[in-house]
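Chemist: give me coordinates for this.
(one chain, ligands or ions: 2)
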Amino acid sequence: QTIYRKDYTPTPYLIKHVYLEFLLNEDSTHVISRLSMLPNYGSASAPPILELDGRKDIKLLTVKVAGKELQPSEYDLTEKLLTLSKLPKGEFEVEIKENTSLEGLYKSGGNFCTQCEAEGFRGITYFLDRPDVMAKYTTRIEADAKSYPVLLSNGNLLEQGSLEGGRHFAVWEDPFVKPCYLFALVAGDLAVREDSFKTMSGRTVTLRIYTRAKDIDRVAWAMESLKRAMKWDEDTFGLEYDLDLFNIVAVDDFNMGAMENKSLNIFNSRLVIASPSTSTDMDYSRVEGVVGHEYFHNWTGNRVTCRDWFQLTLKEGLTVFRDQEFSADLNSRPVKRIEDVMRLRTAQFVEDAGSMAHPIRPDSYIKMDNFYTLTVYEKGAEIVRLYQTLLGKDGFRKGMDLYFKRHDGQAVTCDDFRNAMADANGQDLSAFAAWYAQAGTPHVKIAASYNAANRTYTVKASQQTLPSPGQSEKGPVPIPVAVGLLGQDGTELPLNLKGESAEPATTKVLLLTEKEQEFVFTEVSEKPVPSLLRDFSAPVKLEVEGQTEDELVFLLAHDKDAFCRWEAGQRLLRSLLTSLYTSASASKEAKLEDRLSAAGAVPDKIVAAIGAVLSDKELDGAFVAAAISLPAAAELIGSIPNIDPVLLHNVRQYLVRELAARLRPELEAAIKRNESAAGASYVPGDSKQAAQRAIKNKALSYLSALKDPQVTADLLQRTRSATNMTDQISALACLVDSESPEREIALAEFYEQWKDDGLVMLKWIALQAGSNFEGNLKNVEKLVSHPAFSITNPNACYSLFLAFLRSPVNFHAADGSGYTFIADSILKVDKINRQVASRMVSSSAFTAWKDYDVERQQMMKEQLARINAENGLSENVFEIVSKSLEG
Ligand code: ARG
Ligand code: ZN
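Modeler: Ligands and ions are numbered 1, 2, ... in the order given. Down below sits the predicted model:
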């Protein structure tokens, strides 16, 4: 059943207060819910019916309305709804007693916990399960004191005590109104680490992180990150925490990253637990980012929430933007921006071009859980960033201030946010509504020319967005294009824009609002090299007409804008990969080696340009590592029609080998120069150390492509002697892509060393599942029954299946075996966890089968049809599979 945004209607009843009582037992949970109902239907009319959302696994015991118990004939109960009619006028109370079986409320590692967003609360009790019903909650939890010593819910602890029969209780009260998706409960045997934070107005907040006892020594970084996030939000947005207690609980079984429940954030343990020997630099930065993200939701999400689920990007796009800025301020801003753009282009652009393409504010859905997407989150964050690019940081801050002033305590829409930005800055931003309504990535084309006689530089820009499912006609969207012009010596020219009175500057933002537009720079003293879309000022694909290889080499060497500098290298490599692929694909040779040599040589100019970046000791090592990385295959798929993904992989590897062979001395020098980081003791958050590791490990991965026995032996040695997980796993990753005795030894030793650490085992599984030597499927099948893997654990499924999906050689194997394996696995997982299963489909190339060669298209469609025909398929998987089949 499809739900449409246009069908939104206000709720006929509101809930003033919710009283919940949980009697937790091993086999079933008894829930009492007392709702103080408020009429919201206008006083003139008779009370309308009250439809409370529920699920078939709730066993209803009794319903009371205004103190009077109803007979079953007096209410209507279906699988999804409890309907009450003949209700009293004015305020009244509904009391519901029932038993629930672990949906919404579930068990992980022996502990009770909840996940209510988007619509899990209805699995706990009958309720108006929609975000615009905001109420105050009081929660009483009762459980066995020995098995569940810790009892937590939202807000402040009011009361606790022991009961007879070895049981105990706690009562929590949340003074803030909230929608039910922010409700949380945790009961379990957990260890805790405590700290505190003094807010800007002088309030001391107690901070607690709970984990299982064995993990509690590894939460220092999460705690540090939390305190930094609290400080950052005060400094940047003047936003202060609003309660005396903030809790984080880590659980091992969690579908997503984490959840921002009011004052009781629940996290996937992989985003809380960190130590140098078990976590990579990337893990550390993810923990920091996600702890920040969930904390920032307290204002952007909790204090101001969404009117309905179509508005999800209101809180998620904004909060991702905030966590990106937080990480950028704490670490290298340019490198963070580059990483975010990479992610957007390799994953969100693909989603935007596939069968699940949707606007950041979708118009319809079958299962809301399917719309926690890269589009809503990452593209949504880019759209928030557009306001900041246009209004400046101060203007953006003014908009945020007005947003909170107007809407604190409310459930609002994306339009309310845009209006706050507009009104606070006296600007008309109505054209930005198009970004919320239109799916697909705009293509921007720029052609520029210099007129020496007039000393003018004319930039002609046009935009186009391709049709997407359900949207055949697209209009223009407002696109800020940040531009700089470089003189022949690499310095930035002062920019004067014709028709604009502003001071000259070295970067100007051109706002593209039409299908085609022209901008003229005046007083341009020489023919410049343009630096376009600086800092990736809009989420678009940019084509620059007539841009030469020489210009790109020049930009890679000189651009002051780090993003454009990196992008120049990526453009060089993308076009090189495309031309190599095109020639290899046209070659009639039978053997791969011959096709690759037919593809042509790698130009010296490009090798030299990459080599220069690699050897530049002034550059940030993390930037260098990103700049010498080849564009992901995902960036090319879609731009080359009917692509053969295995050939593309082989072409990419050929380029890696060429660069490695020709830059070997430079790579070895870079490794030597940066080796010292390994000796120093690991300092979490030290970006200098991390940068050294990044460049060293990147260089090693290039060298490993040479299959030189000496390099291979060195890598094996590194897996043994590494002093931190970043170095250890990087060395192991270099070994897993091809068959060798060293590979087997290293994997076995790693397993022996880490087999008792579930989080590290996830890495071990992912490396093997994603490895690219031919015929690896049989190993992946074995992994499924390996004791380190558990199909009921979402993280394990992601590590195994999602990693396999990223192996071009094995997932896209020409005989279709990879497709069959994944389809079988999706069906298997769907019976256990439909959210995980649907993520497996949506992350797969199945949703973009049109991009591939005809044989593969056929095989993918067959698998989609097979999944679609399955009896008892979840709505989650059905939605994605059926949309993919429709294309
Ligand atoms: N609000 C959470 C976050 O982004 C994610 C919740 C995801 N829930 C879901 N059913 N997909 O921080
Ligand atoms: Zn979020």
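
Chemist: low-confidence regions, this structure specifically.
Modeler: Counting by pLDDT under 70, the low-confidence segments of the chain come to 100-103, 677-679.

Chemist: ok, the residue nearest in space to the middle of it to ligand 2 distance?
Modeler: Nearest to the geometric centre of the chain sits residue 374, at 5.8 Å (CA atoms, centre = their mean). Separation of residue 374 from ligand 2 (CB to the ion, to the nearest Å): 13 Å. No exception for glycine: its C-beta is placed from N, CA and C like everyone else's.

Chemist: for the closest residue to that residue other than its chain neighbours, give me its contacts.
Modeler: Nearest residue to residue 374 in three dimensions, chain neighbours excluded: residue 348, at 3.9 Å (CB to CB, 6 or more residues apart in numbering). Applying CB atoms under 8 Å, 6 or more residues apart in numbering, we find residue 348 in contact with 374-375, 378-379, 539.

Chemist: and residue 694, by the same measure?
Modeler: 281, 621-622, 624-625.

Chemist: dump the residues you listed to a markdown table, plus distance to residue 226.
Modeler: As requested, the contacts of residue 694 are exported to a markdown table (distance: CB to CB, whole Å):
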| residue | distance to residue 226 |
| --- | --- |
| 281 | 19 |
| 621 | 28 |
| 622 | 24 |
| 624 | 31 |
| 625 | 28 |
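
Chemist: helix, strand or coil for the residue of the stretch 51-200 of the chain found nearest ligand 1?
Modeler: Nearest to ligand 1, among the residues of the stretch 51-200 of the chain, is residue 117, at 4.5 Å (CB to the nearest ligand atom). At residue 117 the chain is in coil, as set by DSSP: H, G, I helix; E, B strand; the rest coil.

Chemist: show me what contacts it?
Modeler: With contacts taken as CB under 8 Å, 6+ apart, residue 117 has the following neighbours: 181-182, 259.

Chemist: ok, and which of those reach ligand 1?
Modeler: Intersecting those with the surroundings of ligand 1, defined as CB under 6 Å from any ligand atom, gives residue 259.

Chemist: most neighbours among the contacts of residue 117, which one is it?
Modeler: The residue in those with the most neighbours, by other CB atoms under 10 Å, is residue 182 (27 neighbours).

Chemist: would you turn the contacts of residue 348 into CSV with secondary structure and distance to ligand 1?
Modeler: Below are the contacts of residue 348 laid out as CSV (DSSP: H, G, I helix; E, B strand; the rest coil; distance: CB to the nearest ligand atom, whole Å):
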residue, secondary structure, distance to ligand 1
374, helix, 12
375, helix, 14
378, helix, 11
379, helix, 15
539, coil, 19
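
Chemist: quick one: which of these is nearest residue 286?
Modeler: Proximity of the contacts of residue 348 to residue 286 (CB to CB) peaks at residue 378, which lies at 14.5 Å.

Chemist: determine the number of other residues adjacent to the closest one.
Modeler: By the criterion of other CB under 10 Å, residue 378 has 25 neighbours.

Chemist: quick one: contacts for it?
Modeler: By CB under 8 Å, 6+ apart, the contact list for residue 378 reads 320, 340, 343-344, 347-348.

Chemist: next one: residue 517
Modeler: Under the criterion of CB under 8 Å, 6+ apart, the neighbours of residue 517 are 460-462, 510.

Chemist: can you give me the neighbour number for the residue of the stretch 551-700 of the chain found nearest ligand 2?
Modeler: Nearest residue of the stretch 551-700 of the chain to ligand 2, counting by CB to the ion: residue 685, 22.3 Å away. By the criterion of other CB under 10 Å, residue 685 has 16 neighbours.

Chemist: excluding covalently adjacent residues, which one is nearest to it?
Modeler: In this structure, residue 685 finds its nearest non-sequential neighbour in residue 284, 6.8 Å apart by CB to CB, 6+ apart.

Chemist: do the same with residue 104
Modeler: Nearest non-adjacent residue to residue 104, counting by CB to CB, 6+ apart: residue 123, 3.2 Å away.

Chemist: most neighbours out of the contacts of residue 378, which is it?
Modeler: residue 320 (25 neighbours).

Chemist: measure the nearest residue to residue 817 once chain neighbours are set aside to ligand 2 for me?
Modeler: The shortest distance from residue 817 to any non-neighbouring residue, by CB to CB, 6+ apart, is to residue 777 (5.5 Å). For residue 777, the distance to ligand 2 equals 35 Å [CB to the ion].

Chemist: now swap in residue 307 and tell me
Modeler: 17 Å.

Chemist: what do you get for residue 352?
Modeler: 20 Å.

Chemist: isn't that residue up against residue 382?
Modeler: No. The pair residue 352 and residue 382 fails to qualify as a contact (CB atoms under 8 Å) at a distance of 11.2 Å.

Chemist: got any residues that touch both of those two?
Modeler: Common neighbours of residue 352 and residue 382 (CB under 8 Å, 6+ apart) do not exist.

Chemist: circling back: from the contact counts, what lies against the helix or strand the residue nearest to residue 685 falls within?
Modeler: Per DSSP states H and E: residue 284 is located in helix 281-296. Applying 3 or more CB pairs under 8 Å, 6 or more residues apart in numbering; DSSP states H and E, we find helix 281-296 packed against helix 220-237, strand 245-251, strand 258-259, strand 264-268, helix 312-330, helix 687-704, helix 725-736.

Chemist: now render these as JSON lines, adding distance to ligand 2.
Modeler: Below are the helices and strands packed on helix 281-296 laid out as JSON lines (distance: least, CB to the ion, whole Å):
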{"stretch": "helix 220-237", "distance to ligand 2": "13"}
{"stretch": "strand 245-251", "distance to ligand 2": "14"}
{"stretch": "strand 258-259", "distance to ligand 2": "8"}
{"stretch": "strand 264-268", "distance to ligand 2": "11"}
{"stretch": "helix 312-330", "distance to ligand 2": "5"}
{"stretch": "helix 687-704", "distance to ligand 2": "25"}
{"stretch": "helix 725-736", "distance to ligand 2": "26"}
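
Chemist: need the ones you listed in TSV with distance to residue 201, can you?
Modeler: Below are those laid out as TSV (distance: least, CB to CB, whole Å):
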stretch	distance to residue 201
helix 220-237	9
strand 245-251	16
strand 258-259	27
strand 264-268	22
helix 312-330	21
helix 687-704	31
helix 725-736	39
